[in-house]
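> I'd like to go over a predicted model; first the sequence, then the structure.
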Amino acid sequence: MSLPLIISIVAFFTIAVVVFAFGAATVTPSSVLGSRLREIGWQRTKPETRPAIRERMQQALDPLSRALPLSPADVSQTRLWLIQAGYRSPQHVTIYRGLRVLCAAIAFVSVFVFTGFNSPLLLVGLTAFGFFLPRFILKKKLAERQRRIRLGLPDGLDLTVICVEAGLSLDQAMMRVGNDLAYAHPELSAEFHLFDLETRAGKPRVEALRNLADRTGVDDIRSLVGTLIQTDRFGTSVAQALRVHSDSLRTERRQRAEEQAAKTTVKMIIPLVLFVMPSLIFVTVGPAVIQLMHIFVPVVPGKR
């Protein structure tokens, strides 16, 4: 591919992106450019403050996100993943979808500029990789956040048992525990704080507990929510239920650690075979092989 052709392709894509962004900014009702054009033309709008960087980024990615056709089930699943990863704003769905389209477009243009259509497999592969890269990063952040919540849950349960036995209600105990765990386990503290806000806003405790389980997606919290709902329904002791659940949770965590330790012996076979066994063979068998070669291999005539 010649240099003038590459320059013409880059110039074409640049002009297309500029025209598309200008048209989207003009048509969008919430854009600053559109409001200024309407104010100059036939409408008079109130002076607006300059939007923040996050709002400008959302306005830039919104036309790109609309180019991605998703069903309502996919949108709700993506929204749930973003909430479980800690991104609760509705704007994050638009930013996430726009980033997927943008990464795929960047990968496609990059491969097309350097190779053209000479390698269609590479073109399709890198475009698909750019499209699924944001989802992979989102899943990694979601799993890491769930792991931190799972690690901090036993400490939170112990503090909740102490607060309930001291005379506090479950809502007050979770609010107090959330404040105490703000530095040690900030993710769990934020979830307890949101539970407290929902109960203060007037939501029933059962609904707030189910929302807590849906926001985290952690199995341990789901089992805890089920225990608390059953305790609230049958009127049994909350402190006793929390103590039993905390003991079972610690037992389950110890069993998980034992399971990981048992898997270690199987996982160590491949490094041992590839890296350790050849060295041991060379060290132990090497001198014997050299000595046998001196004994059995005939001496070359003329050499001693």
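Yes, it's here.
> Within the helices and strands, which one has residue 192?
helix 186-200 (DSSP states H and E).
> what's the next secondary structure element after that helix?
That would be, after helix 186-200 and using DSSP H and E, helix 205-216.
> Go through that following helix and flag the buried ones.
Under the neighbour-count criterion of 16 or more other C-beta atoms under 10 Å, helix 205-216 has 205, 208, 209, 210, 211, 212, 213, 215, 216 buried. In this view, the C-beta of every residue, glycine as well, is placed from N, C-alpha and C.
> Give me the residues contacting the helix holding residue 192.
For helix 186-200, the external contacting residues (C-beta atoms under 8 Å, 6 or more residues apart in numbering) are 86, 145, 148-149, 152-153, 156, 171, 174-175, 177-182, 205, 207-209, 211-212, 215-216, 221.
> on that earlier part again, could I get the buried residues of helix 205-216 as a markdown table with pLDDT and distance to residue 281?
A markdown table is the format used below for the buried residues of helix 205-216 (pLDDT from 0 to 100; distance: C-beta to C-beta, whole Å):
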| residue | pLDDT | distance to residue 281 |
| --- | --- | --- |
| 205 | 87 | 66 |
| 208 | 89 | 63 |
| 209 | 90 | 60 |
| 210 | 90 | 60 |
| 211 | 90 | 60 |
| 212 | 90 | 57 |
| 213 | 90 | 54 |
| 215 | 89 | 55 |
| 216 | 89 | 51 |
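> Which one of those residues is nearest to residue 228?
Among the buried residues of helix 205-216, residue 209 lies closest to residue 228 (C-beta to C-beta), at 5.8 Å.
> what's the spacing between the closest one and residue 203?
10 Å (C-beta to C-beta, to the nearest Å).
> Quick check: chain neighbours aside, which residue is closest to residue 236?
residue 230 (7.9 Å; C-beta to C-beta, 6 or more residues apart in numbering).
> burial count for that neighbour?
11 (other C-beta atoms under 10 Å).
> before we move on, what about residue 80?
Other residues near residue 80 come to 14 when the count uses other C-beta under 10 Å.
> what do you get for the one 4 residues further on?
Other residues within reach of residue 84, judged by other C-beta under 10 Å, total 21.
> ok, it touching residue 145?
Yes: between residue 84 and residue 145 there is a contact under C-beta atoms under 8 Å: 7.2 Å.
> where do the strands sit along this structure?
For the chain, applying DSSP state E gives no strands.
> Please name the residues that touch residue 151.
Contacts for residue 151 (C-beta under 8 Å, 6+ apart) come out as residue 185.
> switch to 10 Å and redo it
By C-beta atoms under 10 Å, 6 or more residues apart in numbering, the contact list for residue 151 reads 185, 187, 188, 253.
> And for residue 136?
Residue 136 touches residue 129, counting by C-beta under 10 Å, 6+ apart.
> Check it and give its pLDDT.
Residue 136 carries a pLDDT value of 93.
> repeat for residue 40
Note for residue 40: predicted pLDDT of 57.
> Give me the neighbour count for residue 235.
Counted with other C-beta under 10 Å, residue 235 comes out at 7.
> roughly how far apart are it and residue 241?
Taking C-beta to C-beta as the measure, residue 235 falls 11 Å from residue 241.
> if I look at residue 166, how far off is residue 177?
From residue 166 across to residue 177, the span is 12 Å (C-beta to C-beta).
> Among the two, which residue is more densely surrounded?
Higher neighbour count among residue 166 and residue 177: residue 177, with 25 against 10, using other C-beta under 10 Å.
> coming back round to it: joint contacts of residue 84 and residue 145?
216, 217, 218.
> out of these, which one sits closest to residue 247?
Residue 247 has its nearest neighbour among the shared contacts of residue 84 and residue 145 in residue 218, at 18.2 Å by C-beta to C-beta.
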